[in-house]
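K.L.:
need the 3D shape of this:
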Amino acid sequence: MRPVADEPQAAAAIAGTAPLAWSARALASGGQLWRAFGPGPAHGAIQRVYAAGPPASVLVYCLAPDKMLGWPYELSSAALAMLPPAQGGLPMVGRLSGRGSTLSQERLLALRPDLILDVGTVNDNYTSAAVQVAAQTGIRYILMAGDLNDSPEQLRAAGEMLDAQPRAELLASYARSILDEAAQARSRFARASSPSVYLARSSDGLETGLAGSIHGQAFSMAGARNVAHTPASSGVGRVSMEQLLAWDPDYVFTQNPAFVQHTRQSPLWMQLRAVKEKRLVLTPMLPFGWVDAPPGINRLLGLHWLIDIFNTGRPSAQTDDFIVDFFRVFYRIDAPAELLASARNAQHSP
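P.N.:
You can find the predicted model right below:
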């Protein structure tokens with residue numbers, strides 16, 4: 001995606017407000033990457049940020065955790081315990097985006113945010129919702145595209161908005177190195193056969209991130225082919241066991257431990273090559289999902305991890321060092337030894 005210089009002004013005009021009062025650099029980062037609705041804060045500086053959905057909350061946490069007002073979704077107790085006390089102790093305030101809003105307008109106003117930031121899909125439905133919220137509350141609403149390829153630009157643009165430019169540049173450079181590594185992996189697989197994958201999202205394994213959706217993007221960027229290709233739809237969907245047996249992917253990935261147990265009791269799942277040959281992979285979820293859930297910049301960690309699996313068959317010792325470094329740079333915490341062990345031994349047999 002390339003920015004279009006006049007998009008922020010055009011988007012603001014839709015909401016009937018003036019354009020952003022930030023620097024020229026922030027404005028130039030707009031275009032198809034983000035759109036702004038509603039007036040900016042009267043005092044100029046952004047101090048209180050409401051993240052409208054899970055991907056936005058990870059972005060704000062990585063850039064300016066002290067400006068977070070809360071979490072828009074329920075993190076596990078293990079995830080909260082892993083975070084610094086100030087962020088681990090933040091309340092779950094509810095969400096404005098995704099599968100149903102759980103935050104009332106009254107509660108949003110009570111939080112007194114200077115900015116609402118939403119990261120993910122940018123389409124007519126999300127744009128309409130942003131326009132409505134900004135018009136009704138008078139709060140600046142930023143809607144930012146959440147494509148994993150745009151991670152460096154997301155970090156730089158949000159860093160400018162949150163007055164965290166040096167940190168944003170550090171993380172953007174780190175993100176670019178991971179994306180470059182992924183491009184090299186795709187080039188290698190282009191000369192050979194790409195591994196086929198399936199992402200089992202539910203406890204029965206039949207809800208999946210469809211090919212081309214934001215939920216399965218880390219796999220395609222690591223050089224794999226998502227077998228769940230349905231031309232008529234994208235996003236999250238249900239498939240049949242018959243379809244899955246016909247696809248017979250090389251790998252089955254899941255973020256759901258209950259599903260791993262389900263496969264051990266299911267003769268149907270044990271017919272899949274991936275399950276029989278110990279290529280059923282439980283992806284780590286701490287402190288945020290490594291390949292999805294949420295589909296934010298947290299997927300950069302999973303992208304490197306996936307490349308290693310597809311290259312060598314399982315994560316290597318070098319990946320331990322990468323995980324430790326990523327945790328310190330992006331999350332500003334230490335990676336627990338047990339998490340490193342689970343990332344190394346993520347493949348399960350029936």
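
K.L.:
middle-most residue in the protein, spatially?
P.N.:
In the chain, the residue lying closest to the centroid (CA atoms, centre = their mean) is residue 296, at 1.7 Å.

K.L.:
now do the phi/psi pair for that one.
P.N.:
Main-chain dihedrals, residue 296, degrees, to the nearest 10: phi -120, psi -160.

K.L.:
ok, for it, nearest residue in space, not its chain neighbours?
P.N.:
Nearest residue to residue 296, sequence neighbours excluded (CB to CB, 6 or more residues apart in numbering): residue 55, at 3.3 Å. Yep, even glycine has a C-beta here, placed from its N, CA and C like the rest.

K.L.:
my guess is the one you found contacts residue 292, does it?
P.N.:
No: taking contacts as CB atoms under 8 Å, residue 55 lies outside contact range of residue 292: 10.3 Å.

K.L.:
with neighbour numbers in mind, choose between those two.
P.N.:
Shown here are residue 55 and residue 292; by other CB atoms under 10 Å, residue 55 has more neighbours (29 against 26).

K.L.:
what about the residue nearest to residue 296, which SS state?
P.N.:
Assigned with DSSP: H, G, I helix; E, B strand; the rest coil, residue 55 falls in the helix class.

K.L.:
for it, what are its contacts?
P.N.:
Residue 55 makes contact with 119, 120, 146, 294, 295, 296, 297, according to CB atoms under 8 Å, 6 or more residues apart in numbering.

K.L.:
where does pLDDT dip in the stretch 51-200 of the chain?
P.N.:
98-99, 191 (pLDDT under 70).

K.L.:
which stretches in it count as strands?
P.N.:
115-120, 140-145, 196-200 (DSSP state E, counting those that start in this stretch).

K.L.:
now the ones you listed in TSV, with mean neighbour count?
P.N.:
Listed next are the strands of the stretch 51-200 of the chain as TSV, based on neighbours: other CB atoms under 10 Å:
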stretch	mean neighbour count
strand 115-120	26
strand 140-145	25
strand 196-200	25
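
K.L.:
would you turn those strands into a markdown table with distance to residue 67?
P.N.:
Shown next, in a markdown table, are those (distance: least, CB to CB, whole Å):
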| stretch | distance to residue 67 |
| --- | --- |
| strand 115-120 | 9 |
| strand 140-145 | 13 |
| strand 196-200 | 32 |
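
K.L.:
so which of those is nearest residue 101?
P.N.:
Judged by CB to CB, the one of these that comes nearest to residue 101 is strand 115-120, at 11.1 Å.

K.L.:
quick one: the closest one to strand 140-145, angle?
P.N.:
20 degrees (axes from the mean of the first three to the mean of the last three CA atoms, to 10 degrees).

K.L.:
show me the protein divided up by domain.
P.N.:
What automatic domain parsing lists as the domains of the chain is 7-163, 192-348.
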